[in-house]
Structure formats: C-alpha cells, structure tokens
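In: below are the sequence and a predicted model for it; my questions follow.
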Amino acid sequence: MTSLAPLAECASVTRRFGRFTAVDQVSLRVGAGEIVGLLGANGAGKTTLIRLLLGLLHPSAGRVALLGSPPSRDTRRRIGYVPQGLGLYDDMTPAENLNFAARVFGTGRGAGEHRPGEHWAGEHWAGEHWAGRAVVGALPLGVQRRVAFEQALAHRPDLLILDEPTSGVDPLGRARLWDTITSAADDGAGVLVTTHHLDEAGECSRLVIMAGGRVVAEGSAAEIIGSARVTVVTARSWPDAFTALERAGLPVALAGRSLRVPGAAPDQVAAALGGVEARLDEAAATLEERFFQLAAAGAGTGAAQ
C-alpha cells in the first residue's frame, strides 16, 4: 500500500519540448516498501518522467516532489539511481567506481577500502571481477549492471529509481537483480523500476502503464487485465488462418498450434477468417496481450524519450 507521505510523487505533470508533449498530465506515487513497475513501449515517456522526478528536467506544468520536497541536490543524496547507461566510469575498476561514489555520498572510508559483499546486493556478486584490475568497460554487461546496482545501494538509499536495470542480463542475472530489488523494498526503500520484461511485472507491488506520454492503466496485473478477453482460433491450417487475420488488420499471435487474437470478438474474427475452417473459443487475456492492446490504443496520443 502506498505511504501517506510518498517518497516520489508526480501530480498532473506535463513536459513539453516546443510543440511536442512528451509527458502529458501524469500522476504517480511511490511509497516506502513498495515496488512500482513503470511499463511502456519505447517512446511512451518513461525516461522523460524519471528525469522529471530526478530534477534533471523541469515540468511544463504540474508538481514533482522527491522525498517530500522539490528535487534538489539534497534529496538526490537519499536516492539510488541506475540509469540505462549505468552511470559508471568505463576506465575505472569496479572498486574504484564504488569508492568514488562512496566519497561523493560521504559514506566512504577511503580509496581501496570498499569491500563488496557488505551491502544488500553484495552477497550475490563478490567474485573475481571485483578483486581484479579490469576496468568496467572491459567487463561483461551483466557484471557492469551488478556494479551499478552495488553503487546505487551502497549508501542505503530511501528510494531506488531503476531505468531498465535488467536489460541485456541473462535469466540467472535477472533473478539475482530482482532478489536485490525485493530485499531493498523489504528493508523499507521505495522502488520505481522501468522494464520491457513483462514477466517481471509479478515482482512489482503495483504497475503503471504509459503510452503516448500518458498513464493508460494502473494497478496490479490482475486489475490491469480485468475482464479483457482474447479469441482463440484453432484451425486445420493455422498458416491460412494467420494470413487471413493479418490481412484483415487484426492483431494475431501464434501460441502452440492455436492463434490468439486480443481485442476482437469471435464474430469479428469469424468474418475475417472468411472460408478458413476453424473453431473459435474465448479465453482471458494475458498481461502481455493487455499491455499491447493498451499501448496500441494510446500510441496516437503522443511520444517521448
């Protein structure tokens, strides 16, 4: 449940770049101990919204609060941020990056004294990469993301803001990163995380879906799916059925040897199939199907990032 005093809040925030509206009247709250997943296709406005929360951009309208105050250097000291570009110095080792960040936040003990493994994330990630002299730019992307997480967590932030933190990471690495995110929330930190991996939505306390710069849905995965249904097509020749549905402009996906058509009633699908022999059934939509339906409906209202 969202805290009465949110750690991060946007109230009817709009951001324009000239005549282009990137974020359009968005309201968002992140409370202590909760993980809010911010979902949206490329261009939905997620990164722009994060930059507004951090104070890197100023809103054209609306109000932004970070830890109860307008974003500032003082409030940013109490957050941990992992940007898409990771925010690391490629020509420094992991330990050097961590020591530098510790000194910036005033938590360091001195150069060379950082010991990975003492923070929330460390138990998973201590190993040869930490002890070696290889610079960050020479390490695998998954290891670089681990360093970025350790750096973001080292000062025990009240709020974590993570922009696509698991992008390019293998499944085991993603699971470990989510263990760390969950541990941070269990310790009382609020978390705002963007992701393209819809299977990660189940790790979040609440989801916010953006499309065209607007919030088009908010709630748990079950609440967002709601009563949305799909038509399931079982045809003697699924390639013929797929071609007919595609030609009719209906969104269609192959699932095993059946076809799933979200957002279209059986009679509409039957008309699109024409003479293709098939059995039609209805089923509950998945989160992925509902997400793409919402994204498509909102795509014409704007774009961002």
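Out: That came through fine.
In: do you know the pLDDT at the residue lying closest to Glu277 once chain neighbours are set aside?
Out: In this structure, Glu277 finds its nearest non-sequential neighbour in Arg236, 5.3 Å apart by CB to CB, 6 or more residues apart in numbering. In short, each C-beta sits where N, CA and C put it, glycine included. pLDDT recorded at Arg236 is 87.
In: and for Asp74, the neighbour number?
Out: 10 (other CB atoms under 10 Å).
In: need the three-state assignment for it.
Out: Following DSSP: H, G, I helix; E, B strand; the rest coil, Asp74 is assigned to helix.
In: got a pLDDT number for it?
Out: Taking Asp74 on its own, its pLDDT is 84.
In: so how far is Gly55 from it?
Out: Separation of Asp74 from Gly55 (CB to CB, to the nearest Å) stands at 11 Å.
In: so Ala154 touches Leu98, yeah?
Out: Yes: with contacts counted by CB atoms under 8 Å, Ala154 reaches Leu98, the gap being 6.3 Å.
In: hey, where'd the helices end up in the chain?
Out: 46-54, 73-76, 94-105, 122-125, 128-131, 141-153, 171-186, 221-225, 238-247, 266-273, 287-298 (DSSP state H).
In: CA atoms only for the first one, dumped as CSV, please.
Out: Extracted C-alpha coordinates of helix 46-54, given in CSV (Å, rounded to 0.1, in the frame of the first residue of the first chain):
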residue,chain,number,x,y,z
LYS,A,46,9.1,6.6,-19.1
THR,A,47,12.6,8.0,-19.2
THR,A,48,11.4,11.6,-19.5
LEU,A,49,9.2,11.0,-16.4
ILE,A,50,12.2,9.7,-14.5
ARG,A,51,14.3,12.7,-15.5
LEU,A,52,11.5,15.0,-14.2
LEU,A,53,11.5,13.1,-10.8
LEU,A,54,15.2,13.5,-10.5
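In: what's that helix packed up against?
Out: strand 8-17, strand 20-30, strand 35-39, strand 61-66, strand 159-163, strand 190-194 (3 or more CB pairs under 8 Å, 6 or more residues apart in numbering; DSSP states H and E).
In: right, and these - which one's nearest Ser258?
Out: Proximity to Ser258, assessed across these by CB to CB, is greatest for strand 35-39 (26.0 Å).
In: wait, doesn't the residue nearest to Glu277 sit right on Arg279?
Out: No: the pair Arg236 and Arg279 fails to qualify as a contact (CB under 8 Å) at a distance of 9.4 Å.
In: that older thread, redo the helices of the chain as a markdown table? Include distance to Ala211.
Out: Compiled in a markdown table, the helices of the chain are given as follows (distance: least, CB to CB, whole Å):
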| stretch | distance to Ala211 |
| --- | --- |
| helix 46-54 | 10 |
| helix 73-76 | 28 |
| helix 94-105 | 35 |
| helix 122-125 | 34 |
| helix 128-131 | 38 |
| helix 141-153 | 27 |
| helix 171-186 | 24 |
| helix 221-225 | 12 |
| helix 238-247 | 23 |
| helix 266-273 | 23 |
| helix 287-298 | 3 |
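In: tell me who's in contact with the closest residue to Arg247 other than its chain neighbours.
Out: Closest residue in space to Arg247, ignoring its immediate chain neighbours: Ala272 at 7.9 Å, by CB to CB, 6+ apart. By CB atoms under 8 Å, 6 or more residues apart in numbering, the contact set of Ala272 is 244-245, 247-248, 250, 264.
In: now the nearest residue to Ser258 once chain neighbours are set aside: how far from Leu139?
Out: When the adjacent residues along the chain are set aside, Ser258 lies closest to Thr234, with 5.0 Å between them (CB to CB, 6+ apart). As judged by CB to CB, Thr234 and Leu139 stand 48 Å apart.
In: bridged to the residue nearest to Ser258, which residues?
Out: Applying DSSP bridges to Thr234 yields these beta-bridge partners: Arg279.
In: does it touch Asp281 like I think?
Out: Yes: counting by CB under 8 Å, Thr234 touches Asp281, with 7.3 Å between them.
In: when those two are compared, which one has more neighbours?
Out: Thr234 (14 against 11).
In: where does pLDDT dip in the stretch 101-250 of the chain?
Out: 106-132, 137 (pLDDT under 70).
In: ok so, going back, give the burial count for the residue nearest to Glu277, as a bare number.
Out: A total of 10 residues lie near Arg236 under the criterion other CB under 10 Å.
In: show me what contacts the most centrally placed residue in the chain?
Out: With distances taken as CA atoms, centre = their mean, the residue of the chain nearest its centroid is Thr194 (1.5 Å). With contacts defined as CB under 8 Å, 6+ apart, Thr194 is in contact with 37-40, 46-47, 50, 162-164.
In: any idea how far Leu86 lies from Gln144?
Out: Leu86 is 6 Å from Gln144, by CB to CB.
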